[in-house]
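Enquirer: Kindly generate the corresponding structure for this input.
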Amino acid sequence: MVDLYVCLLCGSGNDEDRLLLCDGCDDSYHTFCLIPPLHDVPKGDWRCPKCLAQECSKPQEAFGFEQAARDYTLRTFGEMADAFKSDYFNMPVHMVPTELVEKEFWRLVSTIEEDVTVEYGADIASKEFGSGFPVRDGKVKLSPEEEEYLDSGWNLNNMPVMEQSVLAHITADICGMKLPWLYVGMCFSSFCWHIEDHWSYSINYLHWGEPKTWYGVPGYAAEQLETVMKRLAPELFISQPDLLHQLVTIMNPNTLMTHEVPVYRTNQCAGEFVITFPRAYHSGFNQGFNFAEAVNFCTVDWLPLGRQCVEHYRLLHRYCVFSHDEMICKMASKADVLDVVVASTVQKDMAIMIEDEKALRETVRKLGVIDSERMDFELLPDDERQCVKCKTTCFMSAISCSCKPGLLVCLHHVKELCSCPPYKYKLRYRYTLDDLYPMMNALKLRAESYNEWALNVNEALEAKINKKKSLVSFKALIEESEMKKFPDNDLLRHLRLVTQDAEKCASVAQQLLNGKRQTRYRSGGGKSHNQLTVNELRQFVSQLHALPCVLSQTPLLKDLLNRVEDFQQHSQKLLSEEMPSAAELQDLLDVSFEFDVELPQLAEMRVRLEQAHWLEEVQQACLDPSSLTLDDMRRLIDLGVGLAPYSAVEKAMARLQELLTVSEHWDDKARSLLKARPRHSLNSLATVVKEIEEIPAYLPNGAALKDSVQRARDWLQDVEALQAGGRVPVLDTLIELVTRGRSIPVHLNSLPRLESLVAEVHVWKECAAHTFLTENSSYSLLEVLCPRCDIGLLGLKRKQRKLKEPLPSGKKRSPRVESLSDLERALTESRETASAMATLGEARLREMEALQSLRQANEGKLLSPVQDVEMKVCLCQKAPAAPMIQCELCRDAFHTGCVAVPSIAQGPRIWLCPRCRRSEKPPLEKILPLLASLQRIRVRLPEGDALRYMIERTVNWQHRARQLLSSGNLQSVRERAGAGLLCGRWQAAAGQAPETSKLSQPPGPTSFSLPDDWDNRTSYLHSPFSTGRSCIPLHGLSPEVSELLMEAQLLQVSLPEIQELYQTLLAKPSPAQQADRSSPVRPSSEKSDGCRGKRDGVSGLESKLKRRLEREGFSSERWDRVAKMRTPKKKRIKLSRPKDTNSFKLERERSYELVPSADTQSLPSDTSYSGQEDSEDEDAICPAVSCLQPEGDEVDWVQCDGSCNRWFHQVCVGVSPETAEEEDYVCACCAATDAPGRR
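Expert: Residues are numbered from 1 along each chain as shown. Here you go, the predicted model:
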């Protein structure tokens, strides 16, 4: 049986494994005998060349979609569709992704090995089966919700016949165009590439079900798609040129896009509309079971495309669904009711139609067709008035021939009718040209105003740049349309849209022009939602230029853009600099406030401005190191830490941090040095100050250290000046130096010595106060030592009295001192002791004058009371009342109950009132050691000057008292006064004792004892105007004796001469004494032993004082004037003093006679008293520059007779004892300073 299989081409049965059996005829062929040869045995069915030729020679069958044999209800179709999809994808239908279905669909389309059959309920007439939208057929009762959609424009039953749709003027119900079609789909059911009839719009609504996938090509690419398809499948278009109008051709969108055909896709879900535009090819498939509804509609803008579509159909010999010319003429016949926009568009399309018809009829006439007949084409069915050649529906005109009745051709195919000559043809027309023009004119009249308006609108919208109208013109066009009730068509809507855009742009532009940037920085630092970026502003300006209208803000906004761009250029240039100026940055930022535009440079500029401010502040602070404090540096560093990183800032921060570290180190060191205990030396601190001065910053402790060093230097300089001056320092100066020195945190070698000196002065003052002041005394030491300034009328205004002695020539009168404070200030401010003595001398004169006046006044009011004038006495300033006591000094009367009076047991004593009793009145022996210690201290102080003056005043008074006591004048005074001392109003009944005070004045130096018979000569009075104990009356004494007695009580020293003077004055003389006193005064050696003993004691005291005063600088001449001692003067060279000084001394000497108001200012001046004994001279300091410091029991001294009065070792200054005794010695310093005076 195998041998029967042989190759029909070679006749051989060899190579049985290469033999192929045809599945159609069972013939055998070698694979290598076939043309072309096969390399391998193919798999599956194989047909031989004869079978293939036989199959291909059969007539072709019509291809497309077959009508299903089975009828479905919507439910059964859905069950079948869901079952198919679930079985095909082996999963529930709702879980199959749309992408998977789409991929599988195109795979099935591209493969030829697999056959999948699906069913599609397409093109179901809604008129027959119903619509998915509510309709007015009365069969179904509608709900309120359905009533809402009944008249809606989105109801596909209403859309084709709306007023704006031109299909409403077609009377026939065209299924699929005017009446919706229904589509029930299942998975893979598809609709092929096609465009709508007459290139109309289509709208498809998916009521429910699974999505429908769409692919669309824009209308402008329709011819491109057709070309690609014809090129890829030319054989299909040869036999069927209108293949694409038959919905039987599908091609993968990827293939079309490969040939640069634009294709768009979408998935239409339930409840969504899909609209296709004129001549827009579209295709698609269903993802599963769904239900959709679709219909066509045509708007006014479609009319030109509709006429173009008819011409296209004529070329393809495709029949028309309706006659386009018929629709135009029908609309023209109702011109008066047409919308003006529709009328205008129809008029334009009708003009084209008339021109074409006129040209065609002219062509037919020229061919020889002369017979014509009017014919109502609209009454004929469409298939009876089709052109036999191009299948177009005739309406305006057609050609017929009697040889072929019932056949018509259009005027384009006259020659295709028959072979008869043209004169046998008959022109059948619907309207003559004369009929058409009035119809067109009616449309024109209807649309003329609108056309003119539309023309203006189009011109405005399409105007060139230099011919653009203003926004006001656009608004005027809109107002005109509203006033003339033009339809709300696309042109008007476009005009409104353009106007609205222009108004928005104008508003935004005005905001940009009026807007000011907020000066406060936004906390977020981001872009403001209300601000444009520069790029947006640039685009906005371009948009303004692109607007069809002109805005007044456009040039202003362009200028704003130019300024913003200029700002950006300047800011970029400034930011590129390493250290931009803060002023320039601030100026740019100030300029930016004028722009309501988001500027990206602002954030960086603000950062750089902060950095620039900080750098300039650092630079400014470093320019003036004296004001750059540590806090400033810390503040600058803290500010710098918060700045953004930048090289210049980091460098400045490093320098500042280094400077702060060094400054803090040295400032801490300076603080530790200032607080160091013990204090550091001046040299070590000066070294540190020198280091600190090198630091360019202000260090508070460093400045304090520097100030301390300078203060220390100044202090040392003042101390050196004080020591080099040769003058005795003043206490206040020392205290001020010590106070200053203690406040200086520097070790000062001289400070302890000055502190010790001041302490010695204070100790001296305490000793002096203890010596002079009474317990709980209200007086100060200076107040006790100085002449009184508070006596009687001294504190009141009085006439100024002239001094009795003239001042030496060349000397100025010292300023008047009216109070103790004035006197203390004058003593403190006096540079030399002489001036202090002069001041105290003037104070003494005023004291004497004031006290003399007070004594006279008090005596006068007691002796001669004024009638009708109330007398006031005592401390209480009340009327006199017995018993009373009289003060020996001020002569005022005091109630014994107001003051402390001595008791009778104490015996008669001199009594001083509390005002006049100011001190303990120590003896002179207690005072001289104070003067000696003061000399050892060698410091001038007001109390010291006052003590010196008081001693000199005491010695002066003592000398005068001795003169009076040694002369016979005192006896003659007492005898001359006689009983007058006890007569007058002071005499009263005897035997009456005074009422004693509860307090008794204690005995003391002030209340010394009087003679024993004083009580016998003193009366106690009973009159209210009489005193209990009276004083020596002034009227019985000479002025000299009265002044001497008054000054004796003013002296704050107890002297034996005072008691002797009172005892001598008040003692009752014996006859012998009276005889002696009647003779001239004897020498002191002839007096009684008692008096001589006292005088010898006084003489011994005077000798001691003389010795001390001679050591203190008193010359023999001065001592003679004071003491009048009968010792011979030593021979001396005449003192080299100014003449005026000598004359002043002579005047002063004369004043020490028994003249009450003698001037005492000639007392030794500029003299340092020393209280040392002879044995203490060894401890004195020799001021010689090269002191040899001699030692031994006998060290000879010499005092300078110049102005300094200092003591020198004789051996140190080269002076022999004989020379020192015979001649005056002047030291080198005084020789230089006093040379002009000596000449």
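
Enquirer: So for the lengthiest helix in the chain, mean pLDDT?
Expert: Longest helix of the chain, by residue count under DSSP state H: helix 833-863. The average pLDDT for helix 833-863 rounds to 86.

Enquirer: Just name whatever secondary elements the helix or strand that comes right after it is in contact with.
Expert: As assigned by DSSP states H and E, the chain's next helix or strand after helix 833-863 is strand 884-886. Here strand 884-886 touches strand 893-895, going by 3 or more CB pairs under 8 Å, 6 or more residues apart in numbering; DSSP states H and E. No exception for glycine: its C-beta is placed from N, CA and C like everyone else's.

Enquirer: The strand it packs on packs against which elements?
Expert: Using 3+ CB pairs under 8 Å, 6+ apart: strand 893-895 touches strand 884-886.

Enquirer: Tell me the buried residues in the strand it packs on?
Expert: Counting neighbours by 16 or more other CB atoms under 10 Å, one finds that the buried residues in strand 884-886 are 884, 885, 886.

Enquirer: Equivalent analysis for stretch 744-760, please.
Expert: So, applying 16+ other CB under 10 Å, buried residues of stretch 744-760: 744, 745, 746, 747, 748, 750, 751, 754, 757, 758, 760.

Enquirer: Check stretch 467-480 too.
Expert: 468, 469, 471, 474, 475, 477, 478.

Enquirer: closest to residue 700 among those?
Expert: Of all those, residue 700 sits closest to residue 471, with 71.6 Å by CB to CB.

Enquirer: so who does the closest one touch?
Expert: By CB atoms under 8 Å, 6 or more residues apart in numbering, the residues touching residue 471 are 499, 502, 503, 506, 549, 550, 551.

Enquirer: possible to save these as CSV with pLDDT, distance to residue 932 and secondary structure?
Expert: CSV is the format used below for these (pLDDT from 0 to 100; distance: CB to CB, whole Å; DSSP: H, G, I helix; E, B strand; the rest coil):
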residue, pLDDT, distance to residue 932, secondary structure
499, 90, 123, helix
502, 88, 118, helix
503, 88, 116, helix
506, 86, 113, helix
549, 86, 121, strand
550, 85, 119, strand
551, 86, 114, coil
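
Enquirer: List only buried entries from these.
Expert: Buried among the contacts of residue 471 by 16+ other CB under 10 Å: 499, 502, 506, 549, 550, 551.

Enquirer: what two of the residues you listed are the furthest from one another?
Expert: 499 and 550 (12.8 Å).

Enquirer: and the nearest residue to residue 273 once chain neighbours are set aside, what are its phi and psi?
Expert: Excluding the flanking residues, the one nearest residue 273 by CB to CB, 6 or more residues apart in numbering is residue 205, at 5.3 Å. With angles defined as degrees, to the nearest 10, residue 205 sits at phi -120, psi 130.

Enquirer: Could you tell me the per-residue confidence at residue 205?
Expert: 96.

Enquirer: Tell me who's in contact with it.
Expert: Counting by CB under 8 Å, 6+ apart, residue 205 touches 132, 156, 272, 273, 274, 292, 293, 294.

Enquirer: can you put those residues in CSV and add neighbour count, pLDDT and distance to residue 347?
Expert: Shown next, in CSV, are the contacts of residue 205 (neighbours: other CB atoms under 10 Å; pLDDT from 0 to 100; distance: CB to CB, whole Å):
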residue, neighbour count, pLDDT, distance to residue 347
132, 18, 89, 38
156, 24, 91, 30
272, 13, 96, 38
273, 12, 96, 32
274, 18, 97, 33
292, 24, 96, 38
293, 20, 95, 35
294, 23, 95, 32
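
Enquirer: Just give me the closest of those to residue 314.
Expert: Relative to residue 314, and with distances defined as CB to CB, the nearest of the contacts of residue 205 is residue 294, at 26.7 Å.

Enquirer: give me every residue that touches the closest residue to the closest one other than its chain neighbours.
Expert: Nearest residue to residue 294, sequence neighbours excluded (CB to CB, 6+ apart): residue 204, at 4.1 Å. By CB under 8 Å, 6+ apart, the contact list for residue 204 reads 183, 212, 268, 273, 274, 275, 276, 292, 293, 294.

Enquirer: Go through stretch 508-516 and flag the buried ones.
Expert: Residues 508, 509, 512 are the ones in stretch 508-516 that count as buried (16+ other CB under 10 Å).

Enquirer: Restricted to strands, list these.
Expert: Counting by DSSP state E, no part of those is found in strands.

Enquirer: could I get those as a markdown table with pLDDT and distance to residue 586?
Expert: Rendered in a markdown table, the data for the buried residues of stretch 508-516 read as follows (pLDDT from 0 to 100; distance: CB to CB, whole Å):
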| residue | pLDDT | distance to residue 586 |
| --- | --- | --- |
| 508 | 84 | 29 |
| 509 | 84 | 29 |
| 512 | 79 | 24 |
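
Enquirer: ok, the residues you listed vs residue 674, which is closest?
Expert: residue 512 (65.6 Å).

Enquirer: Nearest residue to the closest one in space, please, no chain neighbours.
Expert: Leaving aside its sequence neighbours, residue 512 sits nearest to residue 596 (CB to CB, 6+ apart; 5.5 Å).

Enquirer: try residue 647
Expert: Residue 647 sits nearest to residue 578 (CB to CB, 6+ apart), 7.4 Å away.

Enquirer: The one you found - that's part of a helix, no?
Expert: No - counting by DSSP: H, G, I helix; E, B strand; the rest coil, residue 578 is located in no helix; its state is coil.
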